[in-house]
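> how would this look folded up:
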Amino acid sequence: MSNKLVSIIVVEGGAKNYLPSLLDSIKQQTYSHLEIKLIDNSLDPIFSQKILKRYPTIDIYQSQKNIFYCQALNIGIRKSKGDFILCLNDDVILDQRFIKEALSAFEIDHKIGMVSGKILRSDKLTIDSAGLFLSLWRSAKERGYGLEDKGQFEKQEYIFGVNGAVAFYRREMLENIKIESEYFDEDFRMFYEDLDVAWRAQRSGWKAYYMPRAIAYHVRGATARQGSGIDKPYGRKYLNDDLHIDLIKNRYLTLIKNESFLSFFLHLPFIYCYDLIVWGYILFFKPCMLKKLFFKLKYLKSAFKERKLVKKNLFYRRGIKLC
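Okay, here's the model as predicted:
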């Protein structure tokens, strides 16, 4: 795959000075056929100038308003030309062989549309993600999350999806599963967008693969949590109310868009228990969020509409006509 172009999409919020370390790690990659699309969401007119002075080959899109992660990624993907798309948070550092090793996983099977490496925390000892899975209570589950890396995830294998902080995709898959013009659902803003894409892709016959030799380092929560919550468990405690609402809302949107009726009823006891805990926490500790959550109900209607579009696309690809 030495002749395949990899487009790297980086979304920068400008809140912390993580970006130079990421860009330096990209420059040091053993795979060189790359293009970098930086979505500058800092709203700082001088920020892009500073970046271009140090990294003149980067293509920067400077947003004039605050846009969220999903919209920013969509902009970057539309502007890119690569056969493969690597979506990165700005709080990530790549091992110098990350891209080369991850690309080798795509060669295993042409239906592999997503590849995850071994993502460690910034201490290089703790696992952040060894692949994304769908939990019994229908939430995103990061394999190995928070465990010490003792070599227990050294086997390369099929998984469900990839963590959104370091998400490597085949462009053909993204084009195949997009809904209208959106690869990532912009109603989500951020959170659960990686599980939504993985679930849609799995339903369309695409696969995800874990390549442990592709290593990256991630500062968990640096882009969304308050400072005291970085790399801490139970991350929702450190989110502001708006982001916490997105976290709750987007799980429901993901379920509505992707879950089958039979599977929903089979998992209903687990879903109920999970929701009991989530809503109990809100009622006792953050009751002020209830009013804001109520106004987010409008997104449920949009999710049901998108469910129909996903179903229509699935039938179309299988050659089945809908009456």
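
> C-alpha from now on. contacts and neighbour counts both.
Noted.

> quick check: longest strand of the chain.
Assignment by DSSP state E gives strand 207-218 as the longest strand of the chain.

> for the record, mean pLDDT for that strand?
For strand 207-218, mean pLDDT is 98.

> Could you look up the next helix or strand downstream of it?
Once strand 207-218 ends, the next helix or strand along the chain (criterion: DSSP states H and E) is helix 241-258.

> Now name the helix or strand holding residue 158.
In this structure, residue 158 is located in strand 157-159 according to DSSP H and E.

> Please name the strands paired to the next helix or strand after that strand in the sheet, noting orientation.
Later in the chain than strand 157-159, the nearest helix or strand by DSSP H and E is strand 166-170. Sheet pairing of strand 166-170 (DSSP bridges) gives strand 84-89 (antiparallel), strand 112-121 (antiparallel).

> what angle do strand 166-170 and strand 207-218 make?
150 degrees (axes from the mean of the first three to the mean of the last three CA atoms, to 10 degrees).

> roughly how far is strand 166-170 from the heart of the chain?
Mean C-alpha position of strand 166-170 versus that of the full chain (CA atoms, centre = their mean, to the nearest Å) differs by 9 Å.

> quick check, distance from the helix or strand that it is followed by to the centre of its chain.
Following strand 166-170 in sequence order, the next helix or strand is helix 171-177 (DSSP H and E). Relative to its chain's centre, helix 171-177 lies at 15 Å (CA atoms, centre = their mean).

> Enumerate the positions of helix 171-177 that are buried.
171, 173, 174, 176, 177 (16 or more other CA atoms under 10 Å).

> Mind putting those into TSV with pLDDT and distance to residue 30?
Shown next, in TSV, are the buried residues of helix 171-177 (pLDDT from 0 to 100; distance: CA to CA, whole Å):
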residue	pLDDT	distance to residue 30
171	98	21
173	97	25
174	97	25
176	94	29
177	95	30
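
> The strand holding residue 158 packs against which elements?
When contacts are defined as 3 or more CA pairs under 8 Å, 6 or more residues apart in numbering; DSSP states H and E, strand 157-159 sits against strand 207-218.

> all helices for the chain, in order.
Remark: helices assigned in the chain by DSSP state H are 19-27, 47-54, 69-79, 98-106, 171-177, 193-203, 241-258, 261-285, 289-294, 298-317.

> Which among these is found nearest to residue 122?
helix 19-27 (11.9 Å; CA to CA).

> Now do the closest residue to residue 314 other than its chain neighbours against residue 273, distance only.
Once flanking residues are discounted, residue 314 sits nearest to residue 204: 6.3 Å by CA to CA, 6 or more residues apart in numbering. In this view, residue 204 and residue 273 are 30 Å apart by CA to CA, to the nearest Å.

> which of those two has more neighbours?
Taking neighbours as other CA atoms under 10 Å, residue 204 and residue 273 compare with residue 204 leading, 19 against 11.

> Next, that one: phi, psi?
phi -90, psi 10 (degrees, to the nearest 10).

> hmm, back to that, can you list the strands that the longest strand of the chain pairs with?
Pairing partners of strand 207-218, with direction, according to DSSP bridges: strand 92-94 (antiparallel), strand 112-121 (parallel), strand 157-159 (antiparallel).

> how about those strands in CSV, adding mean neighbour count?
Formatted as CSV, those follow (neighbours: other CA atoms under 10 Å):
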stretch, mean neighbour count
strand 92-94, 26
strand 112-121, 26
strand 157-159, 16
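
> Now render the ones you listed as a markdown table, adding mean pLDDT and distance to residue 100.
Conversion of the strands paired with strand 207-218 to a markdown table gives the following (pLDDT from 0 to 100; distance: least, CA to CA, whole Å):
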| stretch | mean pLDDT | distance to residue 100 |
| --- | --- | --- |
| strand 92-94 | 97 | 11 |
| strand 112-121 | 98 | 11 |
| strand 157-159 | 98 | 17 |
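
> Among these, which comes closest to residue 147?
Nearest to residue 147 among these is strand 112-121 (9.7 Å), distances taken as CA to CA.

> distance between that closest one and the chain's centre?
The answer for strand 112-121 is 11 Å, by CA atoms, centre = their mean.

> Using CSV, write down the CA coordinates of that strand.
In CSV, the C-alpha atoms belonging to strand 112-121 read as follows (Å, rounded to 0.1, in the frame of the first residue of the first chain):
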residue,chain,number,x,y,z
ILE,A,112,-12.0,-4.3,6.6
GLY,A,113,-13.2,-0.7,6.7
MET,A,114,-12.0,0.2,10.2
VAL,A,115,-8.7,-0.4,11.9
SER,A,116,-7.8,0.2,15.6
GLY,A,117,-4.3,0.1,17.0
LYS,A,118,-3.4,-0.3,20.6
ILE,A,119,-4.2,3.0,22.2
LEU,A,120,-2.4,3.7,25.5
ARG,A,121,-2.7,6.6,27.9
